[in-house]
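J.: what's the 3D shape of this:
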Amino acid sequence: MENKKENKNIDFYIEEIRTAAEEFHINETRPLSYFIRTFGCQQNDNDSEISAGLLEHLGLEAASQIEEADIVIFNTCSVRENADRRFYGHLGNLKTWRSEEKQRRIGVMGCMPGQGTHNKHLKDTFPYIDFLLNAGDMGNLPRALYESRDQSGKHFIVDLTDQPKEMTYPSLPVKRESRHRALISIMSGCNNFCTYCIVPYARGRESSRDPQVIIAEAQAAVDNGAKEIMLIGQNVNSYGNDKRRKGESGFPSFAQLLKEIAQIPDLSVLRYMTSHPKDLSDELIEVIGQYETIEPHVHLPLQSGSTRLLKKMNRRYTAEHYLGLVQKLRAARPEITISTDIIVGFPGETEEDFEATLGLMEAVKFDRAFTFIYSPRSGTPAAEWEQNASDVEIQERFERLLDLQNTHSLESNKTCLDKSIYVLVSGRSKTDEEVFSGRTKDDRLVNFSVPDVSQLENEYAYTARGEAVTTVISEGSEVLVKVTKSKTTSLEGVFERLL
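T.: Prediction:
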């Protein structure tokens, strides 16, 4: 039995699971607990935050470790092969754990369950899974828990990937990983069908969320202490296109939405990703240049500097058009940093194509770049294409590209040397408790120390907004840091003062 379809609404499932969670708490003298492990992009991070918020709304509590949980959910990514392997490894480790307690459940959501090949592999190889959900379908989580509740007989997998997404409520509860930073999804899906990318098949067509709901979520996040908001979507620049095509002529563009949120009082940094070059409009570039709150940074995936390969990738812009966008962005916001994604070894890439990529990198001098060796994704057109370069050639190209980008990244970071810069603190460094980490408005990673320890011993201090804090520096603090060292991927410095 794979899926017991029951004609109930989300409120029914919420009440049933909430009641079951209360009974478990009474009988076991502890709350039912959950653990979510997330792979992949910030869209998945946001989906996991919503899943956590919904689970806590149902009466569950977060477990600190996966082994301590009653319900484990994997939020999966299939964009890169290494994410596939890591997920399957974690899932395989839970076979014994699943059988030890009758209330334990394993759920899989994200990009993988909705793809036929992965769906079959999950069911065939890991039959102890309890439920499967599509990417972004957090609304069906209560139903999945309800329908997988009775596993006392023959085990079955509740597969809701063939069901419509549960969209009764435009906004679901959210438990943010960070109080000072809010991820807010403005749309789901993708219409671009780049020939190497699985996302349109995993997340479906573009669907823009109600702008008033988005603005309300942003305002609520700031009211709850968020200093930074990141608006996320597979292609934020196309926000609203789907609605306007259906006749909603007054539906705002991304530029208009960005402008509205940028004016929320007490918001320090407004970020967004990802921007597709083909949809980066002059209107958006103008807004980026107008508002200080909008980050002076854009992530603009290039993928290749060869117009021939860009056409083969179905990117729908040329290398010349991309360069023109960079020039416009720098004219509108001279201090802007630009990061990108670049693929090496795409099927059919020649040395000439690769040299074109290096040439464009030299022309732009990206501040940062995420570089990848092409990984074929089953179900995409490019996965069927013949590779004309050897693994050795591709690796050699990748190393040349990485060397060039490292040079550019270091040159960019050196421009910050001896300057005092704004940093939004994310917490203490993972590798050194004496060091704090954070990011600049233009999205550079900064690690900094506090030379005078007495600065951390005050009973309280006040920020520029008059907010009392128990220590001078904590997660969410806004500080001024003097940069003393520049590295390829980060800056180092010393704390000067609170802002």
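
J.: C-alpha from now on. contacts and neighbour counts both.
T.: Fine.

J.: report how many residues lie close to G107.
T.: Neighbour count of G107, defined by other C-alpha atoms under 10 Å: 24.

J.: helix or strand: which one has it?
T.: For G107, the host element (DSSP states H and E) is strand 105-110.

J.: give the pairing partners of that strand; include direction for each.
T.: strand 71-76 (parallel), strand 131-132 (parallel) (DSSP bridges).

J.: which stretches of the stretch 101-250 of the chain form strands?
T.: Ranges of strands within the stretch 101-250 of the chain are 105-110, 131-132, 158-159, 181-185, 187-188, 207-208, 228-232, based on DSSP state E, counting those that start in this stretch.

J.: doesn't R333 make contact with D442?
T.: No. Checked against C-alpha atoms under 8 Å, the pair D442 and R333 is beyond contact range at 11.2 Å.

J.: low-confidence ranges in the stretch 151-300 of the chain?
T.: For the stretch 151-300 of the chain, the stretches with pLDDT under 70 are 151-152.

J.: if we use 90, what do you get?
T.: Where the stretch 151-300 of the chain drops to pLDDT under 90, the residues are 151-155, 164-171, 179, 201-203.

J.: the helices in it, which residues?
T.: 199-203, 211-223, 241-245, 254-262, 282-290 (DSSP state H, counting those that start in this stretch).

J.: nearest to R104, out of the ones you listed?
T.: helix 199-203 (27.3 Å; C-alpha to C-alpha).

J.: who's in contact with that closest one?
T.: Outside helix 199-203, the residues that touch it by C-alpha atoms under 8 Å, 6 or more residues apart in numbering are 79, 111-112, 114-115, 134-136, 188-193.

J.: ok, of those, which one's closest to R316?
T.: So of those, ranked by how close each gets to R316 (C-alpha to C-alpha), first place is N192, at 8.9 Å.

J.: for P200, see how far away that closest one is.
T.: 7 Å (C-alpha to C-alpha, to the nearest Å).

J.: show me how this structure divides into domains.
T.: Domains of the chain are assigned by automatic domain parsing as 10-159, 181-414, 420-498.

J.: show me the one of those domains that comes nearest K175.
T.: Closest among the domains of the chain, using C-alpha to C-alpha: domain 10-159, at 4.4 Å.

J.: show me the helices in the stretch 351-499 of the chain, by range?
T.: 351-364, 391-414.

J.: could you dump those helices to CSV with mean pLDDT?
T.: Shown next, in CSV, are the helices of the stretch 351-499 of the chain (pLDDT from 0 to 100):
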stretch, mean pLDDT
helix 351-364, 98
helix 391-414, 98
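
J.: distance to E15 and mean neighbour count for these - can I get that in a markdown table?
T.: Putting the helices of the stretch 351-499 of the chain into a markdown table (distance: least, C-alpha to C-alpha, whole Å; neighbours: other C-alpha atoms under 10 Å) gives the following:
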| stretch | distance to E15 | mean neighbour count |
| --- | --- | --- |
| helix 351-364 | 55 | 17 |
| helix 391-414 | 53 | 17 |
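
J.: okay if I get those helices as CSV plus distance to H299?
T.: Below are the helices of the stretch 351-499 of the chain laid out as CSV (distance: least, C-alpha to C-alpha, whole Å):
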stretch, distance to H299
helix 351-364, 13
helix 391-414, 14
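
J.: nearest to P277, of the ones you listed?
T.: Going by C-alpha to C-alpha, the one of the helices of the stretch 351-499 of the chain nearest P277 is helix 351-364, 14.3 Å.

J.: now that closest one against helix 391-414, angle please.
T.: Relative orientation of helix 351-364 versus helix 391-414 (axes from the mean of the first three to the mean of the last three C-alpha atoms, to 10 degrees): 0 degrees.

J.: just checking, what packs against helix 351-364?
T.: Packing partners of helix 351-364 (3 or more C-alpha pairs under 8 Å, 6 or more residues apart in numbering; DSSP states H and E): helix 319-332, helix 391-414.

J.: redo those helices as JSON lines? Include distance to G107.
T.: What follows is the helices and strands packed on helix 351-364, written out as JSON lines (distance: least, C-alpha to C-alpha, whole Å):
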{"stretch": "helix 319-332", "distance to G107": "41"}
{"stretch": "helix 391-414", "distance to G107": "37"}
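
J.: nearest to G493, of the strands paired with strand 105-110?
T.: Judging the strands paired with strand 105-110 by C-alpha to C-alpha, what sits closest to G493 is strand 71-76, at 36.1 Å.

J.: what does the closest one contact?
T.: Counting contacts by C-alpha under 8 Å, 6+ apart, the residues outside strand 71-76 that touch it are 33-40, 44, 48, 66, 83-84, 87, 104-112.

J.: just to revisit the earlier point, just the residues contacting the strand holding G107, thanks.
T.: Applying C-alpha under 8 Å, 6+ apart, the external contacts of strand 105-110 come out as 44, 70-77, 98, 128-137.

J.: what's next to the one helix or strand E16 maps to, contact-wise?
T.: When elements are assigned from DSSP H and E, E16 belongs to helix 10-28. Residues outside helix 10-28 that contact it (C-alpha under 8 Å, 6+ apart): 30-32, 58-60, 139-140, 142-143, 145-146, 166, 168.

J.: among these, find the lowest-pLDDT one for me.
T.: Within these, the minimum per-residue pLDDT falls on T168 (77).

J.: for A221, see how far away the nearest residue to it once chain neighbours are set aside is.
T.: Computed as C-alpha to C-alpha, 6 or more residues apart in numbering, the closest residue to T168 that is not its neighbour in sequence is I10, at 7.5 Å. I10 is 25 Å from A221, where distance means C-alpha to C-alpha.

J.: ok, these two, which is more surrounded?
T.: When I10 and A221 are compared for neighbours, A221 comes out ahead with 22 against 17, by other C-alpha under 10 Å.

J.: which residues touch the residue lying closest to A369 once chain neighbours are set aside?
T.: The shortest distance from A369 to any non-neighbouring residue, by C-alpha to C-alpha, 6+ apart, is to T340 (4.8 Å). Listed by C-alpha under 8 Å, 6+ apart, the contact partners of T340 are 299-303, 366, 368-370.

J.: perfect, I'm done here.
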